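[1] The following comprises the amino acid sequence and a computationally predicted model.
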Amino acid sequence: MMQQLYVSQRSNATSNGMRHLLLRTLAIVAVIGSMASVASAHGDEHEAMGATAGTLPDDAPFYRWPEEPMDWALKVHLALCLIAFVLVLPTALAMEMANNKFHPLVQIGGALIGFLGIVFGWVHGHLHNAYARFGWFMLALLVVQTAANVCFTLGILKKTLAKLRISYRILGCLQLFFTYMAMLLGVIRYLNLCSQGHLGQCISHFARGTALIYGSVALLFAMRLFGATMLDIRRPPELFISIIMMVVGLIGTFTEHNFFQSSDGPGDMWSHKDLQHTFIGISWFAGGALGVFMSWKAQPSNRTPVPSLIFIATGIAMIIHQQDLVMSSHAHFLFGASLVTLGLSTICEITMLASGIVKDRDQPMGIQYLSVFFMCASGMALMGANRDMVLFLINSNVDVATYGLILMSFCFVIVFYFYVLLDVYFAMAGPREPKYMSLEDALDQDSQRTSTSSQTSTLNHEEGSKYGMSPNPLTA
């Protein structure tokens, strides 16, 4: 009887959980649909008002597609660098993490291809810019990494072999970040961005967008390496998200609109945009500090909604955020819609994990990838909403719908790239053993324990009656 009651309660709990899951899914679909309708109405307004509101600034003609086509040296440089730094060297890093014996050859081959790519970049000319100077740093990184690879492969410096291997792996991970920086500098140099007095705003947008993109990549790695609940990281994921938010808020507060600028003259008065961006930075720093304080000593399962609430509030502010250029307002709308969807999907994820609906804790839920994608989309939209990029879009006759699709395509490419990179690692490291028991197995085990305990109690009662012993009044 007790077992039947337990099974009945279990089935009712499961049905209630599935019902709640369906309601939450419908709510998310309704919110996304409403945002899409708002975007459509916003696009109609764009067609009525035109691409700009008022006259373009004087520096607008500087931001346009270069008239000179790429020469052969630049094309070869881009092809070789993509093969080396995006395909071969990250694959070598995955092979090293999986202790694959062919890793040294792959790394050395990737380093040679990367060296040739950097040389062809210098053949192209224009050596006196940030992108060309960064090539020297990438070359030095290749030399150090290859030297470390040769040392621990041949057994040189045996006393420091373990530390050398750890340093080599750290360099390989940092190389992914520096590759991204090189690609970003290349786009900025080729499109002539951040060159007409908007350096502070440019740094703010690109730095904060980069933090969000790498936050999404870190979240993807944590989910796939540590399972849906991410218990092995020993802290809630919101701790690390809150740290990123503190950094992003600090950058936005002091770089977006010249926080220390004097306001003596009439031209130095702060506008509503200055106040909004500055206080968004302050709210991100303060909210991130609150999230860090709440998650610092919390258990991994004790998730906090503070970062999600900040995402939603900032997204709403960006959706209604008005700029002097309509295209700029639309670009900020894309950023705000991504943030709102990110916050809602994260709250839904926290609710599902807390309600016990997750059956397989070793595999991420499908809805968890929404947080990864929209965090990446928020970073891409934030980087693409800087003033120089908006002027480039206006001069190139690109509307907001096309721009949104371009950004979404880049987000899918980024998530797909790191997802496949993890698959390469899992394929070489071998199948993982499950760390956690599924929810169904846990309930079955609990049911078996309850049944065994009931049978043992009945048997003890019968034996006590057989020998004339009085039963325990508490179990009678």
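    Structure received. As the structure is a computational prediction, the values presented were derived from the model and not from experiment.

[2] Downstream of whatever helix or strand Ala162 lives in, the next helix or strand is which one?
    Element membership of Ala162 [criterion: DSSP states H and E] is helix 161-191. Sequence-wise, the next helix or strand downstream of helix 161-191 (DSSP H and E) is helix 199-226.

[3] That next one packs against which elements?
    Applying 3 or more CB pairs under 8 Å, 6 or more residues apart in numbering; DSSP states H and E, one finds that helix 199-226 contacts helix 161-191, helix 237-255, helix 368-383, helix 400-429. No exception for glycine: its C-beta is placed from N, CA and C like everyone else's.

[4] ok, and the residue lying closest to Ile367 once chain neighbours are set aside, which helix or strand is that part of?
    Once flanking residues are discounted, Ile367 sits nearest to Glu349: 5.7 Å by CB to CB, 6 or more residues apart in numbering. Taking DSSP H and E as the definition, Glu349 sits inside helix 326-355.

[5] for this structure, which spans come out with low pLDDT?
    1-63, 67, 124-126, 158, 196-197, 228-229, 231, 255-271, 356-362, 431-476 (pLDDT under 70).

[6] ok so, going back, return the set of buried residues in the helix holding Glu349.
    Neighbour counts using 16 or more other CB atoms under 10 Å place 326-350, 352-353 of helix 326-355 among the buried residues.

[7] Ok, stretch 93-110 next?
    Leu93, Ala94, Met95, Glu96, Met97, Asn100, His103, Pro104, Val106, Gln107, Ile108, Gly110.

[8] Now do the helix or strand the first one falls within: which elements does it pack against?
    Secondary-structure assignment from DSSP H and E places Leu93 in helix 89-97. In terms of contacts (3+ CB pairs under 8 Å, 6+ apart), helix 89-97 is packed against helix 103-123, helix 161-191, helix 400-429.

[9] Just name the most buried of the ones you listed.
    helix 103-123 (a mean of 19; mean count of other CB atoms under 10 Å).

[10] by how many degrees do that one and helix 161-191 diverge?
    For helix 103-123 against helix 161-191, the angle by axes from the mean of the first three to the mean of the last three CA atoms, to 10 degrees is 30 degrees.

[11] Can you identify the element that follows helix 103-123 toward the C-terminus?
    Past helix 103-123, the next helix or strand by DSSP H and E is helix 130-154.

[12] which strands and helices sit next to that next one?
    Against helix 130-154 (3+ CB pairs under 8 Å, 6+ apart) you get helix 103-123, helix 161-191.

[13] Any idea which of the ones you listed gets closest to Gln145?
    Closest to Gln145 of the helices and strands packed on helix 130-154 is helix 161-191 (CB to CB; 5.0 Å).

[14] got CSV for the helices and strands packed on helix 199-226, with distance to Leu74 too?
    Formatted as CSV, these follow (distance: least, CB to CB, whole Å):
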stretch, distance to Leu74
helix 161-191, 9
helix 237-255, 31
helix 368-383, 23
helix 400-429, 21
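
[15] For Leu80, find the nearest of these.
    For Leu80, the closest of those is helix 161-191, at 12.9 Å, according to CB to CB.

[16] Against which helices or strands is the closest one packed?
    With contacts defined as 3+ CB pairs under 8 Å, 6+ apart, the packing partners of helix 161-191 are helix 89-97, helix 130-154, helix 199-226.

[17] thought the residue nearest to Ile367 was touching Ser371?
    Yes - with contact defined as CB atoms under 8 Å, Glu349 and Ser371 form a contacting pair (6.1 Å).

[18] which of the buried residues of stretch 93-110 are the two that sit furthest away from each other?
    Met97 and Ile108 (17.3 Å).

[19] Report the contact partners of the residue nearest to Ile367.
    Met365, Ile367, Gln368, Leu370, Ser371 (CB atoms under 8 Å, 6 or more residues apart in numbering).

[20] who wins for most neighbours among these?
    Using other CB atoms under 10 Å as the neighbour criterion, Ser371 leads the contacts of Glu349 with 29 neighbours.

[21] distance of it from Val398?
    28 Å (CB to CB, to the nearest Å).

[22] what does Val187 give?
    Taken as CB to CB, the span from Val187 to Val398 is 15 Å.

[23] and if you look at Val340?
    Per CB to CB, Val340 is found 24 Å from Val398.

[24] got it, and Cys376?
    In terms of CB to CB, Cys376 sits 21 Å off from Val398.
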